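Q: any chance you can model this:
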Amino acid sequence: MVDEFRAAFQELIDASVATDPRHFPTAVHKVYLLASQIPVSERELALEALAPLLAGDQAAPGIIADLSVVAGALVEMGTDPGPTGVEVLHRLRTMGKGAIIFAHAWERTGGSAPPDPDTITADAETRVATDLGPDAPGATMCWWTIRRHGLAAKTMLSEPSVRSHLRRTPALHAELVAIANQLSDPLPEFDEVRALLHMAEATSALVMDRHSGRAFRVLFDGIGDNFQLHTLLADALIGPQRQGLPGEPPDPRWVSAFRDTAPDPGAQTVRGWWNLVAHDGTWVWNEGVPAQIPTVDGEHVVVLDEQPYPRSWNAARRHPQVHGWLEVESELDPEETALWWKRVAPAEPAIPSADTHQGPPPLPEPVLLQGQDTPQPQRVRNFLAQGETTTEPDAPAPTAQIPTVPPPPTQPEPEPGAAPAPAPAPEPQDTPLRQGRPAPAGAPGNKLLPPLPQGVSKSANWGPTWR
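A: Numbers count the residues shown, from 1 in each chain. Next up, the predicted model:
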């Protein structure tokens, strides 16, 4: 089986470099079928071999987009992304800039939402050419492939090693956030890309318990929202087997669902423990994400206050394909704790007393997330997450040039089918594009991958039909 996979993968590489529309679909199909039947070490070698192809210009844009999706499929099977995960993000940055230029040119030449990337025609290129001139072919090519690059990036960003790389390269992170901000309206899959980029922004917090006066530094990763943070904090802090804070420890099935397993139908509803409050007294809404928690000297500070009323939520991760964890790094000594309490706003009454004529201070406007669908208890390593993310922009829009795109092949075409925590990225001022068509449904057996051959994409010649 290993030899058969190696032969198929070599055929894939050869067909990619040669831009061979006859052998590429067959090779991809073989690789896709055989990959799950070989050792992980073989898949890692194959995935690593894709990195130079994604980084260079030896292959046509459509082939590179499809190879990115193949790379995502290998990672979904449990393969470490290695350097290829980072190259997928670099390619998204390049093609994303061109896709944004196409979309803005589309709006300037008549308005309406940009066309679905899978339905681009010669008329679309002709229309934007009136605005972009000779740059129109490159920008149109970027738009034609951008969905596939976004789908592949979602899988790579679900891996902790790739998010760790982003924290070490803040410029790349900021550019990707800006791209996701501008593409999320016309292409909803970029909402998930943006949410996973948010996830990379916060990996630690200072947690202060008002009742006991104690304070802890916690480390975490893979936390998709503050429902998950709240539950894992309760697991780490409450009870004599943890840090000894008072309260009822969470059901282990809730904790497991927020870490790395599917929700348990018998333990679906979590009941909260605290009111999470920032250092300035504003509420930290469970619907938000850790990166939005205000910071003091670079640390996200969370105060655990009494609940003003009972709260409950579903025991399910917002991003089912991402495994989450949280642990206590240390408890602060009494002297340092006292200094921190001096920087925290005093407690407000959870419920005003009966003899108080003045109402409680106004609450901050909650950061609500769109479409809080509960993930179904299916496979955990799921390419497409069901949850939505916040819609706040997070990084300055990049100033982009049209990426240089090699010309498509000239042969006849078959009919196409289809730390303290690192500082967050700066806030952008760009305006999202208008709402476009929804993303197409995934292939059977995979929630996000477009159908693999019968074609990885619907681009049999890996060049658009209009050229």
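
Q: what's the neighbour count on residue 243?
A: Residues within reach of residue 243, counting by other C-beta atoms under 10 Å, total 16. Bear in mind the C-beta positions are built from the backbone N, C-alpha and C, glycine included.

Q: and it, that's in a strand?
A: No. Assessed with DSSP: H, G, I helix; E, B strand; the rest coil, residue 243 is coil; it does not lie in a strand.

Q: which residues are in contact with it?
A: Neighbour list for residue 243: 214, 216, 236-237, 328, 331 [criterion: C-beta atoms under 8 Å, 6 or more residues apart in numbering].

Q: how far away is it from residue 231?
A: 15 Å (C-beta to C-beta, to the nearest Å).

Q: who touches the helix or strand where residue 336 lies?
A: Residue 336 belongs to helix 334-341 when elements are defined using DSSP states H and E. When contacts are defined by C-beta under 8 Å, 6+ apart, helix 334-341 is touched by residues 206, 208, 213-215, 301, 332.

Q: can you put those residues in JSON lines and add secondary structure and distance to residue 159?
A: Output for the contacts of helix 334-341, formatted as JSON lines (DSSP: H, G, I helix; E, B strand; the rest coil; distance: C-beta to C-beta, whole Å):
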{"residue": "206", "secondary structure": "strand", "distance to residue 159": "27"}
{"residue": "208", "secondary structure": "strand", "distance to residue 159": "32"}
{"residue": "213", "secondary structure": "coil", "distance to residue 159": "39"}
{"residue": "214", "secondary structure": "coil", "distance to residue 159": "34"}
{"residue": "215", "secondary structure": "strand", "distance to residue 159": "32"}
{"residue": "301", "secondary structure": "strand", "distance to residue 159": "29"}
{"residue": "332", "secondary structure": "coil", "distance to residue 159": "32"}
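
Q: hmm, which two among the contacts of residue 243 are most spread apart?
A: Spanning the widest gap among the contacts of residue 243 are 214 and 236, at 12.8 Å by C-beta to C-beta.

Q: need the CA coordinates for stretch 327-341. PDB is fine.
A: The C-alpha coordinates for stretch 327-341 follow below in PDB (Å, rounded to 0.1, in the frame of the first residue of the first chain):
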ATOM      1  CA  GLU A 327      -4.100  24.800  33.000                       C
ATOM      2  CA  VAL A 328      -3.100  26.800  36.000                       C
ATOM      3  CA  GLU A 329       0.500  28.000  35.500                       C
ATOM      4  CA  SER A 330       0.900  29.400  39.000                       C
ATOM      5  CA  GLU A 331      -0.900  31.100  41.900                       C
ATOM      6  CA  LEU A 332       0.300  34.700  42.700                       C
ATOM      7  CA  ASP A 333       1.900  35.300  46.100                       C
ATOM      8  CA  PRO A 334      -0.100  37.500  48.500                       C
ATOM      9  CA  GLU A 335       2.000  40.600  47.900                       C
ATOM     10  CA  GLU A 336       1.700  40.500  44.100                       C
ATOM     11  CA  THR A 337      -2.000  39.600  44.500                       C
ATOM     12  CA  ALA A 338      -2.600  42.700  46.700                       C
ATOM     13  CA  LEU A 339      -0.900  44.900  44.100                       C
ATOM     14  CA  TRP A 340      -3.200  43.600  41.400                       C
ATOM     15  CA  TRP A 341      -6.400  44.100  43.400                       C
END
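
Q: distance between stretch 130-148 and the chain's centre?
A: 24 Å (C-alpha atoms, centre = their mean, to the nearest Å).

Q: please name the nearest non-neighbouring residue to residue 271.
A: Spatial nearest neighbour of residue 271, chain neighbours left out: residue 312 (5.0 Å); criterion: C-beta to C-beta, 6 or more residues apart in numbering.

Q: phi, psi of that neighbour?
A: Note on residue 312: backbone dihedrals following degrees, to the nearest 10 are phi -150, psi 160.

Q: ok, now how distant is it from residue 249?
A: From residue 312 to residue 249 the distance is 16 Å (C-beta to C-beta).

Q: what do you get for residue 256?
A: The gap separating residue 256 from residue 249 is 13 Å, by C-beta to C-beta.

Q: quick one: buried residues of the helix or strand in which residue 34 is found?
A: Counting by DSSP H and E, the element that carries residue 34 is helix 24-34. Buried residues in helix 24-34, counted by 16 or more other C-beta atoms under 10 Å: 24-25, 27-32, 34.

Q: of those residues, closest to residue 165?
A: Nearest to residue 165 out of the buried residues of helix 24-34 is residue 31 (C-beta to C-beta; 25.3 Å).

Q: can you get me a residue count around residue 289?
A: When neighbours are counted by other C-beta under 10 Å, residue 289 registers 24.

Q: I'd say it and residue 205 touch.
A: No. Using C-beta atoms under 8 Å, residue 289 is not in contact with residue 205; the gap is 12.0 Å.

Q: per-residue confidence at the nearest residue to residue 59 once chain neighbours are set aside?
A: Excluding its sequence neighbours, the residue lying closest to residue 59 (C-beta to C-beta, 6+ apart) is residue 16, at 4.7 Å. At residue 16, the predicted lDDT confidence score is 90.

Q: roughly how far does residue 16 sit from residue 146?
A: Distance from residue 16 to residue 146, by C-beta to C-beta: 19 Å.

Q: again, but for residue 246
A: Computed as C-beta to C-beta, the residue 246 to residue 146 distance reads 51 Å.

Q: those two: which has the busier surroundings?
A: Higher neighbour count among residue 246 and residue 146: residue 146, with 26 against 11, using other C-beta under 10 Å.

Q: what about that one, distance to residue 127?
A: To residue 127, residue 146 is 17 Å away according to C-beta to C-beta.

Q: rewinding a little: which helices and strands sit right next to the helix holding residue 34?
A: Where contact means 3 or more C-beta pairs under 8 Å, 6 or more residues apart in numbering; DSSP states H and E, helix 24-34 is packed against helix 2-18, helix 61-76.

Q: mean pLDDT lowest where, among those helices?
A: Among the helices and strands packed on helix 24-34, helix 2-18 carries the lowest mean pLDDT (a mean of 91).

Q: what angle sits between that one and helix 61-76?
A: Helix 2-18 and helix 61-76 are oriented at 150 degrees to each other (axes from the mean of the first three to the mean of the last three C-alpha atoms, to 10 degrees).

Q: make residue 1 into 3 and carry on from there
A: All set: I'll call the first residue 3, so the last point we hit is now helix 4-20.

Q: so which of the buried residues of helix 26-36 is the closest to residue 60?
A: Comparing those against residue 60 with C-beta to C-beta picks out residue 26 as the nearest, at 13.5 Å.

Q: ok, now which ones touch the nearest residue to the closest one once chain neighbours are set aside?
A: Leaving aside its chain neighbours, residue 26 sits nearest to residue 17 (4.0 Å; criterion: C-beta to C-beta, 6+ apart). Contact analysis of residue 17 by C-beta under 8 Å, 6+ apart lists 25-26, 29.

Q: can I get those residues in CSV including distance to residue 122 and pLDDT?
A: Converted to CSV, the contacts of residue 17 look like this (distance: C-beta to C-beta, whole Å; pLDDT from 0 to 100):
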residue, distance to residue 122, pLDDT
25, 25, 83
26, 20, 88
29, 25, 89
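
Q: many thanks, I have nothing further to ask.
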